[in-house]
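**Q** my questions are about this predicted structure, shown below with the sequence.
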There are 2 protein chains.
Amino acid sequence: MVDMNEPISTTTYLDRIARARASMAATGVDVLLVSVGSDLPYLTGYEAMPLERLTMLVVPRDGEATLVIPRLEAPRVVEQPGVFELQLWDETEDPVAIVARLAGPPATVAVGDTMWARFVVGLLEHWPSNTTQYLRSATVMSALRMCKDAAEIAALQAAGAAADRVAGQLHAGEIPLVGRTEAAVSADISARLLAEGHDVVNFAIVAAGENAASPHHHASERVIRHGELVLCDFGGTMNGYCSDITRCVSIGEPPAEVADAYAVLFDAQAAGMSAGVVGAACEDVDRAARRIIDDAGYGEHFIHRTGHGIGMEAHEDPYMVEGNTLPIAPGHAFSVEPGIYLSGRWGMRLEDCVVATADGPLALNDADHSLVVVEC
Amino acid sequence: MVDMNEPISTTTYLDRIARARASMAATGVDVLLVSVGSDLPYLTGYEAMPLERLTMLVVPRDGEATLVIPRLEAPRVVEQPGVFELQLWDETEDPVAIVARLAGPPATVAVGDTMWARFVVGLLEHWPSNTTQYLRSATVMSALRMCKDAAEIAALQAAGAAADRVAGQLHAGEIPLVGRTEAAVSADISARLLAEGHDVVNFAIVAAGENAASPHHHASERVIRHGELVLCDFGGTMNGYCSDITRCVSIGEPPAEVADAYAVLFDAQAAGMSAGVVGAACEDVDRAARRIIDDAGYGEHFIHRTGHGIGMEAHEDPYMVEGNTLPIAPGHAFSVEPGIYLSGRWGMRLEDCVVATADGPLALNDADHSLVVVEC
């Protein structure tokens, strides 16, 4: 049994840094630079503040890793002996110059995917791109981060179960809809995600009626009415790992057209989940779900990929999209979320997350998958 | 009287784009590319989702601006006739290639400061840095965004007043401290920021006793005790503009050493506020506050700059730091927040935000500046 409240050990970080170095060797990367985002806490346990003062872990393929950090933020760092050295910088120093000194001019550098562009612009002054090849940190890190270990899978399961409990409250009619705004319901769902154990809410899409035809609709002041389909897509971060679930409810019995489309969606989502087996290509998950929606005549209304990886980030590698031939491996965690969107009328999506294992897909959500009818 | 609930008009965006183009001409920038962050909503009203699917506004110095956006997010956009054209991309397309086609190979490109590095890496494949000069979007945008207009100042005032009301609740003893964890008090302050009108909480630092010696301390499970100094630094975003205030309270009468240090801090903060006049250099604000702390013998314990600009972002240009000789201009909004930190013992900081005007500094906060003694 994995105890998720147990802090990750220094040994784990040492192992991850060693595997990152092996991945650097395999991909021909001389220096890895990570800053804001999830690569840094994955490798060190420390999360950079998303501010203008640079925090950057400098990992040469050979030699000590160094965490370059503003002096005033140094007390935040939990040191991990052997994992990194600390290099503090003062307010009037240029941290990019410090990084450039530490890391050499490298032939090939991999920079954090979500690092702020201003720091890449700063690095280019030291290392122009015709003499230093720039790659994404994903080139080095995705292979590591995609394969979740037992503790990571346990954290994803716990976050998924917490999101399921909120979905269950929605299904049970405990979250009133009629007469409230989408924004009010979104705030309600957000509060429930926190109450069920999430540390942060990442999003809580609530889209009623025609608004649900916008897949990333921002919950608005639009009042929800009886007779409408309401799409709720929500998730947060719990102990460092994300949840993500979508359920639709019908307020009152749905019209036949909606019920029929939902039956197609239900089958498409189940087909996608079944296709997510070790050895299949990521695009096979997309194809399995899409084929059913295509065959039912709704193909042009399924306007996005079928899924995304999930872990420390709500969206990460691997993506379940046509063209992604990456074979699914044990520990890959991802969403399966086909949708059907009729512009100006209604929209629906059904989403679970799943982990691929040697024993088959391990679903991270089990809230009722049917189009539950609520009356409030 | 500025009505902050009035949406910003298309005319305002047209004017801002025109001024951005004038700034591009002045700084020799051929193409401006902005994505995640505040430059995009400042120019168009649209905020990019911070996700792996690229949203990017392409602004050539001459010619139409184009918003490149994922097809599934297009329904979120409020079109602004004449401000930008829309260019949708599908899930299997390469949006960086679309941007590269739209923007030619430019001699000089300015990329959004907070754009994700992965997209700069993508651009470098099309435009190496030895033939295209890369600059930060701040090169173009800071001059515009630093000078707040009347509506922006009104929004900053409203956000500041909301934060002041929470500080007032702290001073009045309405936020219990003793026996609660820093994290619980942080959550309480966060809820009050929302209740007072903020749309989002950006941070709520609560640091008790020795924890306050870490300026960016993350509110922890540490229980707050009687007799301690508690530093609270909090702010959020309201109608698109940020608040930021720091107040310390003493639970019970403070020891003489703390009271004496606070008197120094009080004077230093007041000196910084008074120095923030039109025509002074930004570094003059830092020097005015620092001199008082230096003279009292606490210089080595004031380990950060005196302030940062504030607006759509919690930290933005201009920075009140030694070496920044930029003259303060009407409409510049910034924090003044000296601090004194004794490692392992206690820390204190006092912060207001202020707008420079032709009539002198306009304070955005007026909560009690003294070291208020609370008993709960």
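**A** Right, received. Where do you want to start? Numbering: from 1, shown residues only, chains lettered A, B, ... in the order given.
**Q** got a pLDDT number for the residue of the stretch 1-150 of chain A found nearest chain B?
**A** Residue of the stretch 1-150 of chain A nearest chain B, by CB to the nearest CB: A:Pro75 (3.5 Å). C-beta coordinates here come from the backbone N, C-alpha and C atoms, glycine included. Among the per-residue scores, A:Pro75 holds a pLDDT of 92.
**Q** which phi and psi does A:Ile69 have?
**A** phi -150, psi 140 (degrees, to the nearest 10).
**Q** rewinding a little: surely the residue of the stretch 1-150 of chain A closest to chain B meets B:Ser220?
**A** No: at 11.7 Å, A:Pro75 and B:Ser220 do not qualify as touching, with contact defined as CB atoms under 8 Å.
**Q** which one's more surrounded, those two?
**A** In this view A:Pro75 and B:Ser220 are compared by other CB atoms under 10 Å in any protein chain shown, and A:Pro75 has more residues nearby, 18 against 14.
**Q** who does the closest residue to A:Ala74 other than its chain neighbours bridge with?
**A** Nearest non-adjacent residue to A:Ala74, counting by CB to CB, 6 or more residues apart in numbering or on different chains: A:Leu88, 5.3 Å away. A:Leu88 has these beta-bridge partners by DSSP bridges: A:Ile69.
**Q** hang on, the earlier thing: ok, now which ones touch the spatially closest residue to the residue of the stretch 1-150 of chain A closest to chain B that is not a sequence neighbour?
**A** Nearest residue to A:Pro75, sequence neighbours excluded (CB to CB, 6+ apart): B:Ser214, at 3.5 Å. B:Ser214 sits next to A:Leu72, A:Pro75, A:Arg76, B:Ala207, B:Tyr341, B:Gly347 when contact means CB atoms under 8 Å, 6 or more residues apart in numbering or on different chains.
**Q** closest to B:Ala268 out of those?
**A** The shortest approach to B:Ala268 among the contacts of B:Ser214 belongs to B:Tyr341, at 13.4 Å (CB to CB).
**Q** my guess is that closest one contacts B:Tyr298, does it?
**A** No: here B:Tyr341 does not reach B:Tyr298: they are 9.2 Å apart, not a contact under CB under 8 Å.
**Q** name the element the residue located most distally from the centre of chain A belongs to?
**A** What lies farthest from the middle of chain A is A:Thr92; by CA atoms, centre = their mean that is 36.0 Å. Counting by DSSP states H and E, no helix or strand carries A:Thr92.
**Q** which stretches of the stretch 1-150 of chain A aren't confidently modelled?
**A** In the predicted model, the stretch 1-150 of chain A carries pLDDT under 70 at residues A:1-5.
**Q** still on that earlier bit, most surrounded residue in the contacts of B:Ser214?
**A** B:Ala207 (30 neighbours).
**Q** tell me the SS of that one?
**A** The three-state label given to B:Ala207 by DSSP: H, G, I helix; E, B strand; the rest coil is strand.
**Q** tell me the confidence at the closest residue to it other than its chain neighbours?
**A** Among residues not flanking B:Ala207 along the chain, B:His217 sits closest, at 4.0 Å (CB to CB, 6+ apart). B:His217 carries a pLDDT score of 94 in this model.
**Q** can you name every helix or strand that the biggest helix by length in chain A contacts?
**A** Across chain A, the longest stretch assigned as helix under DSSP state H is helix A:150-171. Helix A:150-171 sits against helix A:182-195, strand A:229-238, strand A:241-242, strand A:245-251, strand A:333-336, strand A:352-357, strand A:372-374, with contacts defined as 3 or more CB pairs under 8 Å, 6 or more residues apart in numbering or on different chains; DSSP states H and E.
**Q** cool, thanks, talk later.
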